[in-house]
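**Student:** here you go, sequence then predicted model.
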Amino acid sequence: MQEEIHELPVEVAGERLDKYIATRLPSVSRSFIQKLIDGDKVTVNNRAEKAGFKLSAGDRIIISIPEIDTTSLKAEPIPLDIIYEDSDLLVIDKPAGLTVHPAPGHPEHTLVNAVLSYFPELADSGGERLRPGIVHRLDKDTSGLVIVAKNRESLANLSEQFKSRSVTKNYLTLVKGHIKPETGLIEANLGRDKGNRKRMAITENGKEARTRYRVVTYYNNGYSLLEITLETGRTHQIRVHLAAIGFPVLGDTAYGIKSPFLTRQFLHANRIGFYLPSTGKYIEFQSELPDDLKQVLEKIA
């Protein structure tokens, strides 16, 4: 069986082995890390150590993650809101709370598992081994429109459209404060936060990131409903950019502010436009705000 190898150099002494790995491989669960350590799949300076082993600066960690074949992914009859389908792709309105694809230690209860139940051929559609057919993704607690490719040709075509930035990606978000001016462009490079690998941060050497916003509505009690257009698609881009200019996303506990009305961030992918792989015709789809976000707007109106 082939394995996925990660090498992690240690720069700061004193941290536990399991905690260090968790902060630097955020897609891997703590329980799965423990299984890897118990199974001698983690070495420090070529020696297997226990989870609580205290690291020293200069240590070299090697992690071997057994490969999971896409054919072993479990199909689950999770309901899907499919708003468009042809022979090449699906456009799905994803609910908040549903992760897009499996990760080591999290093989089930994702959008991919749901689509495999609806379309078993997805396993052969190409892409990364745990992300068959996935062209792009939304955070678990972000709702809205997601494209899933049904074959290798459409996956390549759509991936190139995202790479060339010819895909239209619009979001609706509610932020704290009355943002001025009413339209604007946020430009700030993004990279992993050195202090917490699960978070992103504005970094001088990060990847280019550009976010346009437009005020849809100002609310009297100090909120702004924004329409966001992404010119790049970096991890957590909207949330980090808006927090950086002082207008955090409501309900975003990582970068924004908690909400008495909401248990997830107010962020919804409401519009997506792209060129159909089969014909080259440009097409757009829209999604209304889900009920939980509508209720927030009613409470602050």
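**Tutor:** Nice, I can see it.

**Student:** Leu174 is in contact with Gln295, isn't it?
**Tutor:** No - with contact defined as CB atoms under 8 Å, Leu174 does not reach Gln295; the gap is 11.8 Å. Every C-beta, even on glycine, is put in place using the N, C-alpha and C of the backbone.

**Student:** which residues of the stretch 101-250 of the chain fall in strands?
**Tutor:** Under the criterion DSSP state E, counting those that start in this stretch, strands of the stretch 101-250 of the chain are mapped to 143-149, 168-176, 183-187, 190-193, 196-202, 210-219, 223-230.

**Student:** where are the low-confidence patches of the stretch 101-250 of the chain?
**Tutor:** Residues of the stretch 101-250 of the chain meeting the criterion pLDDT under 70: 104-105, 127-128, 197.

**Student:** ok, Leu174 and Gln295, which is more surrounded?
**Tutor:** Leu174 (27 against 12; other CB atoms under 10 Å).

**Student:** can you give me the domain boundaries for the chain?
**Tutor:** 3-66, 70-164, 169-271+282-300 (automatic domain parsing).

**Student:** centre of the chain versus the last one, how much separation?
**Tutor:** Centroid displacement of domain 169-271+282-300 relative to its chain, using CA atoms, centre = their mean, to the nearest Å, is 14 Å.

**Student:** what is the end-to-end distance of stretch 73-90?
**Tutor:** End-to-end distance of stretch 73-90 (CA to CA, to the nearest Å): 19 Å.

**Student:** identify the residues contacting that stretch?
**Tutor:** The contact list for stretch 73-90 (CB atoms under 8 Å, 6 or more residues apart in numbering) reads 91-95, 98, 102, 107-109, 111-120, 123, 130, 132, 145, 147-151, 153-154, 157-158, 276-278, 283, 285, 287.

**Student:** just the ones in helices from the residues you listed, please.
**Tutor:** Those of the contacts of stretch 73-90 mapping onto helices are 111-118, 153-154, 157-158, per DSSP state H.

**Student:** how many neighbouring residues does Ile50 have?
**Tutor:** One thing to correct before we go on: residue 50 is Lys, not Ile. So Lys50, with other CB under 10 Å, has 11 neighbours.

**Student:** out of everything not next to it in sequence, what's closest to it?
**Tutor:** Ile37 (6.9 Å; CB to CB, 6 or more residues apart in numbering).

**Student:** do Ser56 as well
**Tutor:** Closest to Ser56 by CB to CB, 6+ apart is Ala13, at 4.8 Å.

**Student:** between the strands of the stretch 101-250 of the chain, which gets nearest to Glu49?
**Tutor:** With CB to CB as the criterion, Glu49 lies closest to strand 196-202 of the strands of the stretch 101-250 of the chain, at 20.1 Å.

**Student:** and the contacts of the closest one?
**Tutor:** 23-26, 188-194, 234-237, 240, 244, 254-255.

**Student:** one step back: can I assume the residue nearest to Lys50 is in contact with Arg16?
**Tutor:** No - Ile37 lies out of contact with Arg16 (CB under 8 Å); the separation is 10.6 Å.

**Student:** which of the two has more neighbours?
**Tutor:** Counted by other CB under 10 Å, Ile37 and Arg16 do not tie: Ile37 has more neighbours, with 21 against 14.

**Student:** tell me which helix or strand that one sits in.
**Tutor:** helix 30-38 (DSSP states H and E).

**Student:** please save the CA atoms from that helix in PDB.
**Tutor:** Provided in PDB are the C-alpha atoms of helix 30-38 (Å, rounded to 0.1, in the frame of the first residue of the first chain):
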ATOM      1  CA  ARG A  30      -6.800  14.200  16.600                       C
ATOM      2  CA  SER A  31      -8.100  10.700  16.900                       C
ATOM      3  CA  PHE A  32      -6.600   9.700  13.600                       C
ATOM      4  CA  ILE A  33      -3.300  11.300  14.600                       C
ATOM      5  CA  GLN A  34      -3.400   9.100  17.800                       C
ATOM      6  CA  LYS A  35      -4.000   6.000  15.700                       C
ATOM      7  CA  LEU A  36      -1.000   6.900  13.500                       C
ATOM      8  CA  ILE A  37       1.200   7.400  16.500                       C
ATOM      9  CA  ASP A  38       0.000   4.200  18.200                       C
END
